[in-house]
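Visitor: need a structure here:
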Amino acid sequence: MLEGRWKLIILFHLFDGNVQRYSDFEKLIPGISQKMLAQQLRQLEADGIVARKVYPQVPPKVEYRLTEWGQALCPALDALLKWAEQKEVFHPSEHADDASA
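Guide: Numbers count the residues shown, from 1 in each chain. Now for the predicted structure:
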């Protein structure tokens with residue numbers, strides 16, 4: 001359900017109850033194509049992780065948020081963030097070695 005390059009990034013932007021519009025994702029995730037963003041959001045919605053709300057107005061307004069089940073992922077996402085932050089502790093950047101040479 002979470003495979004692929006973009007799904008975790010999308011979920012991180014919905015972390016802590018954040019609500020995002022499609023255009024917000026385009027700004028927050030540089031490098032993702034419109035086609036890929038739409039596909040990933042549809043898959044997350046089909047899997048019950050993300051809820052999509054369409055407002056009946058012109059131009060259309062669509063918001064995305066984590067479902068209750070998606071919110072249950074938050075502790076795991078938080079643990080992944082903490083794990084990623086420890087990278088420098090366990091694997092200092094190679095550029096630090098270059099400075100001492």
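
Visitor: centroid residue for the chain?
Guide: Ile10 (2.0 Å; CA atoms, centre = their mean).

Visitor: list the buried residues of the helix or strand containing it.
Guide: Per DSSP states H and E: Ile10 is located in helix 7-14. In terms of neighbour count (16 or more other CB atoms under 10 Å), helix 7-14 has its buried residues at 7, 10-12, 14. Where C-beta positions appear, they are placed from N, C-alpha and C, glycine not excepted.

Visitor: helices or strands up against the next helix or strand along the chain from that helix?
Guide: Next along the chain after helix 7-14, taking DSSP H and E as the criterion, comes strand 20-21. Helices and strands touching strand 20-21, by 3 or more CB pairs under 8 Å, 6 or more residues apart in numbering; DSSP states H and E, are strand 61-66.

Visitor: mind listing the strands the strand it packs on pairs with, and their directions?
Guide: strand 20-21 (antiparallel), strand 50-55 (antiparallel) (DSSP bridges).

Visitor: switch the ones you listed over to JSON lines; also include mean pLDDT, distance to Lys87 and mean neighbour count.
Guide: Formatted as JSON lines, those follow (pLDDT from 0 to 100; distance: least, CB to CB, whole Å; neighbours: other CB atoms under 10 Å):
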{"stretch": "strand 20-21", "mean pLDDT": "96", "distance to Lys87": "26", "mean neighbour count": "16"}
{"stretch": "strand 50-55", "mean pLDDT": "95", "distance to Lys87": "27", "mean neighbour count": "13"}
